[in-house]
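1. Model the following, please.
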Amino acid sequence: MNETVDLRYPIGKFQPPQSIDDVNIPNHIGIIASFPEKIRKATSELSDSQLDTPYREGGWTIRQVVHHVADSHVNSYCRFKLAMTEDNPTIRPYLEARWAELEEAKTAPVIYSLNIIDAIHARWVLFLETLSIDDFNKTFYHPENKRTMTLFDALAMYSWHCNHHLAHINNLKTARNWL
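-> Have a look, this model is predicted:
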């Protein structure tokens, strides 16, 4: 039987975690910690033409994916800090698809966003490592999704987000024999 892979979700859609414990927190933090090196390696030898190739028909280019990750993870880092310093703050959503269509997101060298990812992940990991298990139960409200999220759910979602976009890049490289 030939199963069709959904190129939008190469590792599957995000599944919220069932439980929070002192094992899965470090695993998620480890993914966030190792991501900058992995995305830098995945994009390091790509030409501009390759960076401007969509990972799927109608999808973003690799360049747009890298810039999106920087935008998204900066926003997430801020959301974590808001949740730690305020009582269930309402976060500010943004139209990520529109951000990815801005000219700068379609043309800027990826090195700028790779540097942002290096820096924000370094700070984010330092911050995450200071939190207790109880801290991961703190929340923020996402008005677009109309739901309250714990920091643990957000941590799991962003470790998934790292792997999700890394798979977009690596799967395209494999499909095009760019390895």
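
2. Flag every buried residue along stretch 88-100.
-> Going by neighbour count (16 or more other CB atoms under 10 Å), the buried part of stretch 88-100 is 89, 91, 99-100. To be clear about C-beta, it is placed using only N, CA and C from the backbone, and glycine gets the same treatment.

3. Next: stretch 167-179.
-> Going by 16+ other CB under 10 Å, stretch 167-179 has these buried residues: 167-173.

4. Could you check how far the host helix or strand of Ile120 is from the centre of its chain?
-> Assessed by DSSP states H and E, Ile120 sits inside helix 110-128. Mean-position distance between helix 110-128 and its chain equals 11 Å (CA atoms, centre = their mean, to the nearest Å).

5. immediately after that helix, which helix or strand?
-> Heading C-terminal from helix 110-128 (DSSP H and E), you reach strand 139-142.

6. So for that following strand, mean pLDDT?
-> What strand 139-142 shows for mean pLDDT is 98.

7. which other residues reach the following helix or strand past that strand?
-> Next in sequence after strand 139-142, counting helices and strands by DSSP H and E, comes strand 147-150. With contacts defined as CB atoms under 8 Å, 6 or more residues apart in numbering, strand 147-150 is touched by 20, 88, 136-142, 157.

8. Tell me which residues of strand 147-150 come out buried.
-> 149-150.

9. mind listing what it pairs with, with the direction of each?
-> Strand pairing for strand 147-150, using DSSP bridges, gives strand 139-142 (antiparallel).

10. in the partner strand, what counts as buried?
-> Buried-residue list, strand 139-142, by 16+ other CB under 10 Å: 139-140, 142.

11. ditto for stretch 34-53
-> 35-36, 39-40, 42-43, 46, 50-51, 53.

12. Let me have those in a markdown table, adding pLDDT, secondary structure and distance to Leu126 as columns.
-> Shown next, in a markdown table, are the buried residues of stretch 34-53 (pLDDT from 0 to 100; DSSP: H, G, I helix; E, B strand; the rest coil; distance: CB to CB, whole Å):
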| residue | pLDDT | secondary structure | distance to Leu126 |
| --- | --- | --- | --- |
| Phe35 | 98 | helix | 15 |
| Pro36 | 98 | helix | 13 |
| Ile39 | 98 | helix | 19 |
| Arg40 | 98 | helix | 19 |
| Ala42 | 98 | helix | 24 |
| Thr43 | 98 | helix | 24 |
| Leu46 | 98 | coil | 30 |
| Gln50 | 98 | helix | 33 |
| Leu51 | 98 | helix | 30 |
| Thr53 | 98 | coil | 35 |
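
13. Any stretches of this protein with poor pLDDT?
-> 1-4 (pLDDT under 70).

14. if you set the cut-off to 80 instead, what comes out?
-> For the chain, the stretches flagged by pLDDT under 80 are 1-5, 21-22.
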